[in-house]
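In: quick one: sequence plus predicted model below, questions after.
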Amino acid sequence: MALQAYRPTTPGRRGMTNQDFDGITTKRPVKSLIVSKKRSAGRNNQGRITTRHRGGGARRFIRIMNFKLAPGTTAVIEHIEYDPGRSARIARIKDQDNKYHYILAAQGMKIGQTITSGEESPIESGNRLPLKNIPVGSVIHGIELQPGQGAKLVRSAGNGAQLVAREGLYAQVKLPSGEVRMVHVECTASIGVIGNEQHQNIKIGKAGRNRRKGIRPSVRGIAMNAADHPHGGGEGKAPVGHAGPMTPWGKPALGYKTRNTFLYMES
């Protein structure tokens, strides 16, 4: 994938880039596999804002993805499509029962390519196997956290994890963040790196593009009053005034552990 540059006809267009869609083979998705995304504007079921700076945006039809291809599935890639709900491209596949599915499109996927799922699948890009059957050192994506749960990790454009070791019931997987995580060997993953790798280099260019994505403006805490944010207040341009950055509710913004690291180990 390459990036498409705009002519600098306005200040907003100067430096703006966008993804090109040369790799997309059709603009007509499977109607039975799309659903209109409901706009929540960052509110929960009680109407309270749980995610700030969300609201508005263009209407989107999200594709229904299959993150856990059943073992024994053999399918042929019919099209590479665009999904407004994710950064990666998706592949429309047709299995041996003439049913359609959407899966993440790995680098190098082509129309007519055969995709398989199961323990005996060959080690080829796009195929899905349990971690116990994948050679150590392979690059993978779409990793399960619990067997049969479906892909949870490494699902965005250009990402790939590496299977670095395997011992007993657990394998060690190096994630794109650099973290090495233990995953059960019965969990499945797809071979290869996810395509559309230039997505991270897109320059938004102007605020209006973010508004169409449903992202509302964000005000810096240091620009607020002391009553509105821990960073606020002071005369002129004042420093944060704390040992480190803080959230609007006074919690540490950096280095604050929020995940339970307890790991279920089988005896």
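Out: In hand now; what should we look at?

In: chain neighbours aside, what residue packs nearest to the residue nearest the centre of the chain?
Out: Nearest to the geometric centre of the chain sits S156, at 3.1 Å (C-alpha atoms, centre = their mean). Of all residues not flanking S156 in the chain, S87 sits nearest, at 5.0 Å (C-beta to C-beta, 6 or more residues apart in numbering). From N, CA and C alone the C-beta is placed, and that goes for glycine too.

In: quick check: the residue nearest to the centre of the chain is in a strand.
Out: No - in this structure, S156 is coil, not part of a strand, as judged by DSSP: H, G, I helix; E, B strand; the rest coil.

In: I figured it was touching R86, is that so?
Out: Yes - with contact defined as C-beta atoms under 8 Å, S156 reaches R86; the gap is 7.0 Å.

In: joint contacts of these two?
Out: With contacts taken as C-beta atoms under 8 Å, 6 or more residues apart in numbering, S156 and R86 have no neighbour in common.

In: tell me the contacts of the residue nearest to S121 when sequence neighbours are not counted?
Out: Among residues not flanking S121 along the chain, N127 sits closest, at 4.3 Å (C-beta to C-beta, 6+ apart). Shown in contact with N127 (C-beta under 8 Å, 6+ apart): 115-117, 121, 190-191.

In: now swap in R39 and tell me
Out: 55-57, 214.

In: reformat those residues as JSON lines; add pLDDT, secondary structure and neighbour count.
Out: Below are the contacts of R39 laid out as JSON lines (pLDDT from 0 to 100; DSSP: H, G, I helix; E, B strand; the rest coil; neighbours: other C-beta atoms under 10 Å):
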{"residue": "G55", "pLDDT": "91", "secondary structure": "coil", "neighbour count": "16"}
{"residue": "G56", "pLDDT": "90", "secondary structure": "coil", "neighbour count": "12"}
{"residue": "G57", "pLDDT": "88", "secondary structure": "coil", "neighbour count": "16"}
{"residue": "G214", "pLDDT": "92", "secondary structure": "coil", "neighbour count": "18"}
